[in-house]
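**Q** Next one to model:
(chains A, B and C)
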Amino acid sequence: MSRFRLYDLNPEQQRAATHESGPLLILAGAGTGKTRTIVARITWLVSTGTPASKILAVTFTNKAAREMKERIAGMLTEEQADDITASTFHALCVRILRGDADKLGYKSNFTIFDEGDQMGLIKKVINRVTAKDEKIDPGLAKNMISKAKNNGWAAPEDDETVIGAVYSCYNRELRALNAMDFDDLLTNAVRLLNDHPDVRDKWRARFSHMMVDEFQDTNRLQLDLVSLLASGDPPNVCVVGDDDQSIYGWRGAEVSNILEFEKHFPNPEVIRLEQNYRSTNTILTAANRLIKNNPRRRAKSLWSSVQGGDPVHVVSVPDDKTEAEFVVGEVGAIRNAQRVPWEQFAVIYRMNAQSRLMEENLRRLRIPYRLVGGKSFFDRREVKDILATITCLVNPQEDISLLRIINTPPRGIGATTVEIALEHSAKAHRSLFDTLTDSAFEEQVSRKTAAAIREFAENLAAVRIHLMTPGADAAALVSSYLADTGYFEDLKRSCKTPEEALNREGGAKEILNALATHQARKRGSVQDFLDELSLNREREEDKKDDGTGLTLITLHAAKGLEFPHVFLIGAEDGLLPHERSKTEGTVDEERRLFYVGITRAMKSLTITQCRNRMKFGSAMHCRPSPFLKEIEGEGVHAETYEDIMSRPLDEEDIGFSFASIRASLDD
DNA sequence: AGGTGAGCATTTTTT
DNA sequence: ATGCTCACCT
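**A** Coordinates of the predicted model:
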């Protein structure tokens, strides 16, 4: 097994990969070969006799888990690679819970509530629990419930506060539905392992070595889970992360998990990866100058063997409109001068709203781009509708889904009827569907409404019978149900532009295709399909492989990615750091965000700053970000848009200018 | 039941 | 500027 080639690794990476036993903390700076090191470590463990099946690698996203599996597959035999468990925290919890959920009073076939389901239930609960004059914002309630769960706060015994009442009622409802939300998956898994030593021992015996990626993003519960699962004495836990890239504090991540790692796992070996294989030293120096202003961090200093490089440009532009024009112009100039494809460029910003001006300019010049982030495919109306329809076809007892489709398209079961039914169902502790179809309920409503309800229920039942028949073409059945009930027509009618109609149609097709593919490939049930989707909501742009074009992306979403040429826009006080972070006292995290942005760049980095920006509809004066002062120094050139424009054009630029003029004439 | 306009807030996002 | 919610109107 000397296939393992240590000489591919630098000394620190090697030390990390071959660490024998006990806790290991790998502080992996941006671009220092973090994944390569984890994969090498896994390979080393296997090659020195650890059974592959005893290795557990935990990540945050499905994408990261998949990538890790792929890279492991390239290093080991297929069988070994298959035996390694690489999973997200949440998927791991589901596996743990599916086995022993009964010990917590759930049925093992509990359903998983995604954010939409959760929101629906919270709204329902708020309507039930609160008086008309004390309605609270469901979004706020959701955040507070999530925070409470993550902090391990039980619902108050007496429903004294409104929010407390909502919290406890929400939990009761989830229980009654045999459902867990995303937070429950973690809390319940932790509770199960905590309260049931036999289960804990079973899972501890299952794995001998555990790795956790992006450890700076873990929250309290995730740390608990790691502690509970880690086996060995001292525990064989290897965590990888970078406190300087901790940018998810606002959703519960605890930087202290990595800063105080020794407290949780005493006497770890600590290895710093500081050699960067991504950026030029010029870029890294600027990044180092910035981040060293943060207190409370594990000091690291990135370096690269690539000396020099283009200077970092900091450009002051008059306003956001000019900023977009300038960036697009520069992109064109670089592409023209260096003959590089659009894929090598990224424009990175703090807020999604900043993408709009960029998009307009890119479209004008016919530059292909992909927009990362924004709304998830699964948040699209038609996708939610269709998934809710499928859910109801499989199980009409799911109130939230039923509520979504009961009158979509309009079929004569209006809000008033639903309101009454909801009241009855709460009182009788029955599902909405059962309440509606109860003969006693019919007498409460008009003949017309009763007929509408009956027709709806009969239609659902008829399709369900077909759907449950083995070998049925589920996608076709669902599709014809939607067509028969006039859903597609209704969807089209509600679109303002033909473009939107086409888009929605595409979304509908895509989700139905996914169902068909799932059935064909995995021969799984429709329930399997729904389950898988609730844990694996990939963003639209991840699925499409048309990775062509320039990338527009937020700083948060850009973490982990790299681009040869990066434009970091909107470096203004109030945007980066965001105004809100100042009142919340999280400017350090904003600095890390800026740091993440800078360290995405491989070859060139241009930072722009507007002197005026449209905010809330009116032009506002902006001061440069204080972070710009912090990166000042050798290799960082500050200039103004006016300086650059009054300079004569380079020869290469001229070619692009003609192209852009021609392109803009087309419009 | 469903469409329309006033009023309002407006960071970042995964599971 | 813009999108979203809610109340009110047809």
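**Q** got a list of what the residue in chain A positioned nearest to DNA strand B touches?
**A** Chain A approaches DNA strand B most closely through A:G414 (1.2 Å), counting by CB to the nearest atom of the strand. All C-beta spots, glycine's among them, are computed from the backbone N, C-alpha and C. The contact partners of A:G414, by CB atoms under 8 Å, 6 or more residues apart in numbering, come to A:N407, A:T449.
**Q** Helices of the stretch 151-300 of chain A, start to end?
**A** Along the stretch 151-300 of chain A, the segments classed as helices by DSSP state H, counting those that start in this stretch run A:162-176, A:182-195, A:197-206, A:220-229, A:256-259, A:261-264, A:281-291.
**Q** and among those helices, the most buried is which?
**A** A comparison of the helices of the stretch 151-300 of chain A by mean neighbour count, using mean count of other CB atoms under 10 Å, puts helix A:281-291 on top with a mean of 24.
**Q** Packing partners of that helix?
**A** Contacting helix A:281-291 under the criterion 3 or more CB pairs under 8 Å, 6 or more residues apart in numbering; DSSP states H and E are the following elements: strand A:312-319, helix A:587-598, strand A:601-615, helix A:626-631.
**Q** now do 7 Å
**A** Contacts of helix A:281-291 with other secondary structure elements, assessed using 3 or more CB pairs under 7 Å, 6 or more residues apart in numbering; DSSP states H and E, are made with strand A:312-319, helix A:587-598, helix A:626-631.
**Q** Quick one: work out the angle between it and helix A:587-598.
**A** 170 degrees (axes from the mean of the first three to the mean of the last three CA atoms, to 10 degrees).
**Q** and helix A:281-291, average pLDDT?
**A** Model confidence over helix A:281-291, given as mean pLDDT, is 95.
**Q** Can you name the residues that contact A:K384?
**A** For A:K384, the set of contacting residues under the criterion of CB atoms under 7 Å, 6 or more residues apart in numbering consists of A:G116, A:R404.
**Q** please redo it, this time with the cut-off set to 10 Å
**A** Neighbour list for A:K384: A:G116, A:G120, A:F378, A:S401, A:R404, A:I405, A:T408, A:G507, A:I511 [criterion: CB atoms under 10 Å, 6 or more residues apart in numbering].
**Q** Tell me the helix or strand right after the helix or strand of chain A with the lowest mean pLDDT.
**A** Every helix and strand of chain A was ranked by mean pLDDT, DSSP states H and E. The lowest is helix A:540-543, at a mean of 46. Scanning the chain past helix A:540-543 towards its C-terminal end, the next helix or strand to appear is strand A:550-554 (assignment: DSSP states H and E).
**Q** what packs against that next one?
**A** Using 3 or more CB pairs under 10 Å, 6 or more residues apart in numbering; DSSP states H and E as the contact definition, the elements that strand A:550-554 packs against are helix A:320-338, strand A:345-349, helix A:355-364, strand A:369-371, strand A:563-568, helix A:587-598.
**Q** That strand pairs with which strands?
**A** Based on DSSP bridges, the strands next to strand A:550-554 in the sheet, each with its direction, are strand A:345-349 (parallel), strand A:369-371 (parallel).
**Q** Next to DNA strand C, which bits of chain A? Give me the list.
**A** The interface of chain A toward DNA strand C, taken as CB under 7 Å from any atom of the strand, is made up of A:M614, A:F616, A:G617.
**Q** So for the residue of chain A found nearest DNA strand C, what's the pLDDT?
**A** Across chain A, the shortest distance to DNA strand C (CB to the nearest atom of the strand) belongs to A:G617, at 2.5 Å. Per-residue confidence at A:G617 stands at 80 (pLDDT).
**Q** now A:V190
**A** Among the per-residue scores, A:V190 shows a pLDDT of 95.
**Q** again with A:P156
**A** The predicted structure scores A:P156 at 64 on the pLDDT scale.
**Q** For A:T77, give me phi and psi.
**A** phi -70, psi 160 (degrees, to the nearest 10).
**Q** Next, work out how far apart it and A:K69 are.
**A** A:T77 sits 14 Å away from A:K69, going by CB to CB, to the nearest Å.
**Q** Looking at the two now, which is surrounded by more residues?
**A** Neighbour count, other CB atoms under 10 Å: between A:T77 and A:K69, A:K69 has more, with 18 against 11.
**Q** Just among the residues of chain A next to DNA strand C, which is most surrounded?
**A** Counting neighbours by other CB under 10 Å, A:M614 comes out on top of the residues of chain A next to DNA strand C with 14 neighbours.
**Q** List the buried residues for stretch A:340-354?
**A** By neighbour count on 16 or more other CB atoms under 10 Å, the buried set for stretch A:340-354 is A:W342, A:Q344, A:F345, A:A346, A:V347, A:I348, A:Y349, A:R350, A:N352, A:Q354.
**Q** same deal with stretch A:560-576?
**A** A:560, A:562-576.
**Q** Repeat that for stretch A:442-458.
**A** Buried residues in stretch A:442-458, defined by neighbour count with 16+ other CB under 10 Å: A:E442, A:V445, A:T449, A:A450, A:A452, A:I453, A:F456.
**Q** filter the residues you listed down to the ones close to DNA strand B.
**A** Restricting the buried residues of stretch A:442-458 to those near DNA strand B - CB under 7 Å from any atom of the strand - leaves A:T449.
**Q** and which of the buried residues of stretch A:442-458 is nearest to A:L228?
**A** For the buried residues of stretch A:442-458, the minimum distance to A:L228 (CB to CB) is 46.7 Å, reached by A:F456.
**Q** coming back round to it: farthest pair within the buried residues of stretch A:560-576?
**A** Greatest spacing in those, by CB to CB: A:P564 and A:G574 (29.9 Å).
**Q** for the stretch 451-600 of chain A, what spans make up the helices?
**A** Taking DSSP H, counting those that start in this stretch, the helices of the stretch 451-600 of chain A run over residues A:474-484, A:487-493, A:498-522, A:526-535, A:540-543, A:555-558, A:579-584, A:587-598.
**Q** Adding distance to A:E423 as columns, could you present the residues of chain A next to DNA strand C in CSV?
**A** Rendered in CSV, the data for the residues of chain A next to DNA strand C read as follows (distance: CB to CB, whole Å):
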residue, distance to A:E423
A:M614, 47
A:F616, 41
A:G617, 42
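**Q** now, which of the contacts of A:K384 sits nearest A:G22?
**A** Of all the contacts of A:K384, A:G22 sits closest to A:F378, with 41.5 Å by CB to CB.
**Q** confidence score at the closest one?
**A** On the pLDDT scale, A:F378 gets 68.
**Q** Could you list the low-pLDDT ranges of the stretch 401-550 of chain A?
**A** In the predicted model of the stretch 401-550 of chain A, residues A:415, A:494-500, A:503, A:522-523, A:536-547 satisfy pLDDT under 70.
**Q** So is stretch A:421-437 next to DNA strand B?
**A** No. Stretch A:421-437 stays clear of DNA strand B (CB under 7 Å from any atom of the strand), getting no nearer than 11.5 Å.
**Q** Run a quick neighbour tally on the residue lying closest to A:T111 once chain neighbours are set aside.
**A** Nearest residue to A:T111 in three dimensions, chain neighbours excluded: A:A179, at 4.6 Å (CB to CB, 6 or more residues apart in numbering). Other residues within reach of A:A179 by the criterion other CB under 10 Å amount to 19.
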